[in-house]
Each structure stands twice: as structure tokens, then as C-alpha cells.
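>>> Can you look at this prediction? I've put the sequence above it.
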Amino acid sequence: MRPRSSVAQAPVDNGKKPRRPPKKRARGSDVDGNQQNVEVVKPGARRAKWQPRPGKLAALMNLPLDVLFEIFGHLNPLDILRLSRTTKEFRRVLMHRSSMSVWKNARDNVPNMPDCPPFWTEPHYANLAFDPHCHECGAPGVRNVDWRIGRRICAKCSKTCMVDAYHGESVISGLVPSKYGKRGRLLFYRKDVEEVQKNLYKLTGSDGLEAYREERRAFVKEMETQAKALEAWTASQAKDRSDQLEDARRDRKTAIIERLTEIGWGDEIEHIPYTDDLSHHKLVKQPTRLTDRIWNNIKNDMIKYMEEMKLRRFQRERKALLIARKRTAIGVLRSYKIAHLPFTDVMPEAVDFCSFPEVIEIVGLPTETEVTEASFADVASRMDDLVHSWRTRMHSRLRARVKDHLLSSGKRRARAERVAPDPLYEEYVESLGAIDVKGKKKEVSLPVPDDAEIDQMISLATTVFRCKTCTPTIGLPGDLSDSDYDDFLDILGGRRSRSTPLFYPKVMGHCCLTRSRTLPWDYFATDDPNFRIDLPMSTRTTWNAYLLQVDEEASKAARTVVEACGEDPLITTATKMDELDPRLACLDCMKWSKLEVNEGEVPVFAWRSAVQHRMRDHRPDHRPAKWKKLEGELLEESNRNAREMHKFIHIFDYQAFPDITQSASIIWLCVHCMDLPQERECYELGKMRNHLSTIHGIEEPVENQDYYKDYEAPQGRRPDPKPSDSKVTLQMERPPHVPVPRRGFFGFHENDENDEEDEEDEEDYGDYDEDDFYFGNSFFPLF
């Protein structure tokens, strides 16, 4: 008998789990008192795992392979690809080489799909062509396939896995597939580059290196060939898909229109314009078939949309009615203006007339009320009073504009003349109590003339206006031309004013005050076509003095012209200067004769052209203006030269002027186009007659009946390119700095070969002097 050990032996760990003891069964009794064995389940015991109920296709794998392959042959490649990813059994069957026929039959179900390239397998080809996932990160929604590199790559991954330059590029540039990136640069797949570089490194020095290169070149060439065919197929597939979606949208729209017509919206649908067409609605342009359930869901929204379309139709009809009524009102204005030709004062444009309260009241009558020309009978009888009241308001705006200029110019002069005060002296005077401490910083109010003085100032010939549109500041739009930037331009070399000087009262009829140049899309977006002008594209606006400025430099030039005519610049008006109509010779433009010592030729200008010539061709602060008023024989010679010049100009006109002395200025407008969209800018008289003959069929036009002179004339809507149309010869003492004509040995004048070139240079530069440019310009300092 073995002795018992006093110490219990530890259990041996042989790597096997100990057996669980069998579950104990409890004895119980039934209703009759018989004992039964009942199983007792402990709280920690696991229950049997729940098994899902087998589906209807669970026995699919039990079918024979030939039956399965016949079924799979009717699917698309993407369906086969997704089926192979469902279970291991499907993957083992479909990824086997014996299942190649399944993939080919599925590929044949796709129209015009090219055969699988030899360097890819059928599953790889199907995955690349149909599975929209990134091959790097697995992101969904990647629609574009890079066939030239054989991968789908999202935009995020392409920044890291695509390279455009690498070490040894010149060595393996033709061994790696590539695609074109931005700016035509070639992009390479990084892993392909690394693999080729690794293989080249391994084969360095061996006989198989050149064979590997040829193999890679053939592969790249074959891949480029296959990529072209696949790209063409992809484009055709995208187009077919787009057509399918468009057909689905069209069918849905047709179905919705039928449903709306059934409930009484058919007539309203016919009046919907293209911009509000049903095909643009978010519930209509969906490429899904319309069912009864979908229609019940969108029915209320579509009815609400149709009610909105009905309201817009009423608004369009009301707008068209107002446009037609304004056209009738413009006819009343045209009749009044034609009856008052030639114009002796500024006339309102169509926009201003349609903004009269009396006209607005008639135009805005209810839709049921018929509006004709007879409806404007009361307005037509009061046209004189209405136009006079409008002129008064426009003159007040011009007066306010001049007043603002006087205030701003006075402040600028005050700032320029202000002397920096001595702070110590101010403290001393303040300590004595001689000045008001609280009021020492207040600005001194400048005296402003009253309205009567401003009206007198506006009418003077020395008050010259300029238009911002006609004379834009370089690089600065709008009202910035009032800034100190103009002074900077003057320092750089004398900024030239390219606009025609504007004088009162003709300035009230300046075309830029009632017209606005627009771009084509803004032109067609104009609400009222009555206010459009076809050529050049522009729109009519209400009269506005915002574009006018008082040109101080031109006013100085006009003062010298008035003084040269022997008139007082403080009281002489522009109207009086027009009545005098003097002729002035610019002595600064004297061209000395090459034959006579004290003889020269000078250009002759009217007084307005003289101001314009001074601003264009001479710097106002360069030197004092030198004018000579022509009288007697000199004036007759100037007029005779002007008539000869006009005869030469008329040769090139479409039709000769009946009166050869009539000016060829661009000042004529068409009566039949007045205030209409086809109204053009001013013509010369010959071109105006050609317009009347070609457009209106009038062969013998009559002034103030078929054509009329623009109220702004003689300023003209377009500046005359050559304001001087005459020259005269003067006898004057030649200045000492001008060389005298040279004489030859026999007393004849020498013919210098460079005389013609010198004359051309003088014409180009005028009174330009190189020394004056460098030494008389503050921009170039003297060292």
C-alpha cells in the first residue's frame, strides 16, 4: 500500500484544456408526481449561435458548373466582378482559368467593348473598366480611367503617386507608360518607375539588359495603341449614357406635363418661356421614371411652381403693355421736337420725358384701360410748360455741380496757401486769452457765390466744362479724375485734354449726359427696348450732370482767347463769342519761310477750336499764349484758303454739298431716327444724305424736315480730328534764335537735301523743344 503524501501534487499543464464537468440535471416531478430529469442551465453558459435562414439562391452553388456558366454568361462584367467578391466559393470558381469563357461572354454583352489587352487578365480588365474605386486608397466615385497607365487614381492620390521628373529619366523615359498632365508635361506612375529602375539595376552588366529594354519598349508601345482604342470606347460609352439619361429626363418631363394638363394647367404650360421651362426644375430633370407614388409626392410642389409661372406671366404682360404705352408717349415727344426744329434750347430725351409725373400717370393706367395718342392730348397741350420746368431742374443740377467745384477748388487753394503755424506762438496767445481755444481748430468757411452769380459765371466764355467719359483719366475710372493724380500726370509731361471744350448753353445737350455705353450682355438685359441704341451699343439714361467737370486749365486757355479778341473775359459769354465768330492765328505754331526772312505760315482757328488747340498741342503752363486776331485782308485770305480746303474735302464725300461754303463738321442728325433705337451718332452732311437715301429712300432731303443740326453744335458730339482748316501767311520779324534762309554763290537759295525731313520733324513735334522738355520740366531735376 502506497503511503499518502502530505503535500498535494500540482496539476500537470500539458497544454490541454480541462474538461468541463457534465451539466447536472435536477430531479423534478410532473403533475402526476412522477420525477423527471430537468436540465439546469448555469447563468454563464453560452447559448447556441443563431443561424440565418437560407435564402432562395442558397442552392445556387449546388447546380452544375455548365448551368452556372450559362447563367453567368447573361450578366455584365461588373456583375460577375461583384459576384466573385460575395463568397469564397464564387471567388474560387470565377477566378479560375477554366472560367475564362464566363468573363468573355459577359464582356460581349457590353456594346463595342474592345477585347482584353494581352498584358491584362479578364478580371483585371473588368475591374479597371467598370469598378469606380481608386486603386490606391479605395475611394469611391472615381469615374475617369487613365488607360495610358492602366489605373484609376483619384485626384488626391495623383499628387503623390504620379511624378513628372525622376532620377534617370533620360535612361528609362521610353520604358515606363506615361500620360499627359497639366501644361503638356508627361506624368509617370511612381511604382512603375521604381520597378523598372530596380530591374535595370539587377540586369546591369548582364546579357539580358538589352532584351529587357526591348521588351519594355514593346510593352509601352502596345499599351499606347490599346489606350487609344479604349479612350475612344470610353468616350462613346459616356455619350451613350448621357443620351440615355437625357431620354429618361425627357420622358419624365412629358409624363409630368400630361399630369398637369389633366388638372387644368395645359394652357399655362404653353406660355412658359424657355428661361423658366419645366426641364430646369429640380423635380422634373431627374432621370427616373414617373410613377403614381412619385407624382403624389411632387404634385403639390409642381402646382405651386405653376402658380408662380402664372404670376410671372401676368408681370410680363404688364411690362409689355407699359413698353407699348411708352412707345406711344415717345411718339408724342418726337412730334413736339420735330415741330420745334431747329432747336434753340436743350430738349428732353425719351427717358426724361417718360419720367414726367403726368406721363407716368397715363402710362400706369390699369391694364383694362386702352391708351392711345389721344390719351396724351392733355400732356401735348402742356408740353411747353413741362419742358420749361424740366430745363429749370436740369439747370439747377448744373448750378449745384459748379457750386461743388467752387467749394472743392477753394479748399484746395486754401490748403496749398496755408502756412504751418508756430506752436510756441499759439501757446503764448492762448495764455493771454486772445483767441478761443475751442474754436481754433475750426475751418474757416469759404464764401460761396449765390445762384445768380453762379448763373452769370456759367454763361461766360471763360467757363469751360469737360466730360469724364470723353476725357477719362489714365487708369482711373469714374470720379477719381478729381484727385491729385491729375497733378502727377501734369508733372510727368503735360497731360493733354482729348475732349472738345464744352461751353454753356450747348453743354446742356452733350450726348454723354443722356447715354451710357454698355457691354453686349448689359445691352440685351435692358428692361425697356425703347431706351436702347443699336449702334454703338448704348442705353439712354436720364439727364445727369455728374459727368461734367469745370476744366480750369481750359478756362485759362479760353481767357487768353477772349482777351486776344479784345473782349472782357468777365462779361463776355460764349453766345456772344459765337456771334462775333472771330478767327485767330496761333503764333506759337509759326512755320518760318525758307525763302523770305520775315515771313511765315500760321494755322487759323475759330475761337472754340483755338481753345481746343491750346489744350491739345501746347502745355498751358509752358509759355504764355500768343494769338493774333485776323482782320481785313488776312481774314479774307483765311476764308479763301478755307473754301479751297473744303473743295478738296468734298471730293471724297458720297454727295457734293449744294453750298460749297457749308462746313463739313460732324453735326448732322436724322429726323426720322430721332429718339428711336436705330438713331445713330452725328454724320457729316454728305454721309447724312447717303443715310437718308439708303435707309429711308429720300433722294432730296430737306433740312429741319429730314435732317437737322445737333443742338450741341458747333461743339459737335465727336471732336474734329483737325480743328484748323485754314492757314495764312504773316509778315513778322524773325526771332534771333531762328536761322535765316541760306543763299548760294549766285544768290539762289540752297536746296538742302534734308529740308523735307526737317519740315516733317517740325510738323510732328510742333513747338516741341528738347531743351524745354528736360530743363523746363520739374520731373527731371538738375544736377
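Done, it's in.
>>> neighbours around residue 350, how many?
The tally of other residues near residue 350 (other C-beta atoms under 10 Å) stands at 22. In this view, the C-beta of every residue, glycine as well, is placed from N, C-alpha and C.
>>> Distance-wise, check it relative to residue 531.
Separation of residue 350 from residue 531 (C-beta to C-beta, to the nearest Å): 6 Å.
>>> same deal with residue 726?
As for residue 726, its distance to residue 531 is 41 Å (criterion: C-beta to C-beta).
>>> need the helices for the stretch 401-550 of the chain, in chain order.
Applying DSSP state H, counting those that start in this stretch to the stretch 401-550 of the chain gives helices spanning 423-432, 451-458, 485-491, 520-524.
>>> Return the second one as CSV; C-alpha atoms alone will do.
As requested, C-alpha coordinates have been extracted for helix 451-458 and formatted as CSV (Å, rounded to 0.1, in the frame of the first residue of the first chain):
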residue,chain,number,x,y,z
ASP,A,451,-27.3,131.3,-57.5
ALA,A,452,-27.5,134.5,-59.6
GLU,A,453,-23.7,134.9,-59.6
ILE,A,454,-23.2,131.2,-60.5
ASP,A,455,-25.7,131.5,-63.4
GLN,A,456,-23.7,134.5,-64.7
MET,A,457,-20.4,132.6,-64.2
ILE,A,458,-21.7,129.5,-66.1
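>>> And it, what does it pack against?
Counting by 3 or more C-beta pairs under 8 Å, 6 or more residues apart in numbering; DSSP states H and E, the packing neighbours recorded for helix 451-458 are helix 383-417.
>>> Would you map the strands across the stretch 601-750 of the chain?
627-629, 668-670, 707-709, 726-731 (DSSP state E, counting those that start in this stretch).
>>> ok, residues contacting the first one?
Read that as strand 627-629. Residues from elsewhere that reach strand 627-629 (C-beta atoms under 8 Å, 6 or more residues apart in numbering): 560-561, 564-566, 582-587, 602, 610, 730.
>>> hmm, try it at 7 Å
Contact partners of strand 627-629, identified using C-beta atoms under 7 Å, 6 or more residues apart in numbering, comprise 560-561, 564-565, 582, 584-587, 610.
>>> Same question for the third one.
When contacts are defined by C-beta under 7 Å, 6+ apart, strand 707-709 is touched by residues 341-342, 667-671, 688, 692, 701.
>>> Can you add pLDDT and neighbour count and give the residues you listed back as TSV?
Putting the contacts of strand 707-709 into TSV (pLDDT from 0 to 100; neighbours: other C-beta atoms under 10 Å) gives the following:
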residue	pLDDT	neighbour count
341	92	16
342	91	11
667	85	23
668	90	21
669	92	19
670	94	22
671	94	20
688	91	24
692	94	22
701	93	19
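>>> and of the strands of the stretch 601-750 of the chain, who's closest to residue 315?
For the strands of the stretch 601-750 of the chain, proximity to residue 315 was assessed by C-beta to C-beta; strand 668-670 is nearest, at 35.3 Å.
>>> other SSEs contacting the closest one?
Applying 3 or more C-beta pairs under 7 Å, 6 or more residues apart in numbering; DSSP states H and E, one finds that strand 668-670 contacts helix 685-695, strand 707-709.
>>> Pretty sure residue 593 sits against residue 729.
No - with contact defined as C-beta atoms under 7 Å, residue 593 does not reach residue 729; the gap is 8.1 Å.
>>> What's the end-to-end length of stretch 86-106?
From its first residue to its last, stretch 86-106 covers 18 Å (C-alpha to C-alpha, to the nearest Å).
>>> Next: stretch 66-82.
Terminal residues of stretch 66-82 lie 20 Å apart, using C-alpha to C-alpha.
>>> Average pLDDT for that stretch, rounded please.
What stretch 66-82 shows for mean pLDDT is 89.
>>> mind listing what's buried in that stretch?
For stretch 66-82, the neighbour count (16 or more other C-beta atoms under 10 Å) marks 68-69, 72-73, 75, 77-78, 80-81 as buried.
>>> Please tabulate those residues in JSON lines, including the columns secondary structure.
Below are those laid out as JSON lines (DSSP: H, G, I helix; E, B strand; the rest coil):
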{"residue": "68", "secondary structure": "helix"}
{"residue": "69", "secondary structure": "helix"}
{"residue": "72", "secondary structure": "helix"}
{"residue": "73", "secondary structure": "coil"}
{"residue": "75", "secondary structure": "coil"}
{"residue": "77", "secondary structure": "helix"}
{"residue": "78", "secondary structure": "helix"}
{"residue": "80", "secondary structure": "helix"}
{"residue": "81", "secondary structure": "helix"}
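>>> got the residues you listed as CSV, with distance to residue 710 columns?
Listed next are these as CSV, based on distance: C-beta to C-beta, whole Å:
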residue, distance to residue 710
68, 92
69, 91
72, 86
73, 86
75, 81
77, 77
78, 75
80, 82
81, 79
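>>> Pick out whichever of those sits closest to residue 311.
Relative to residue 311, the closest of the buried residues of stretch 66-82 is residue 78; by C-beta to C-beta it sits at 48.2 Å.
>>> give the contact list for the closest one.
Per C-beta under 7 Å, 6+ apart, neighbours of residue 78: 126, 130-131.
>>> Would you convert the residues you listed into a markdown table that also reports pLDDT?
Shown next, in a markdown table, are the contacts of residue 78 (pLDDT from 0 to 100):
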| residue | pLDDT |
| --- | --- |
| 126 | 93 |
| 130 | 92 |
| 131 | 92 |
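>>> Highest neighbour count among those residues?
Within those, residue 126 tops the neighbour count with 24 neighbours, counted by other C-beta under 10 Å.
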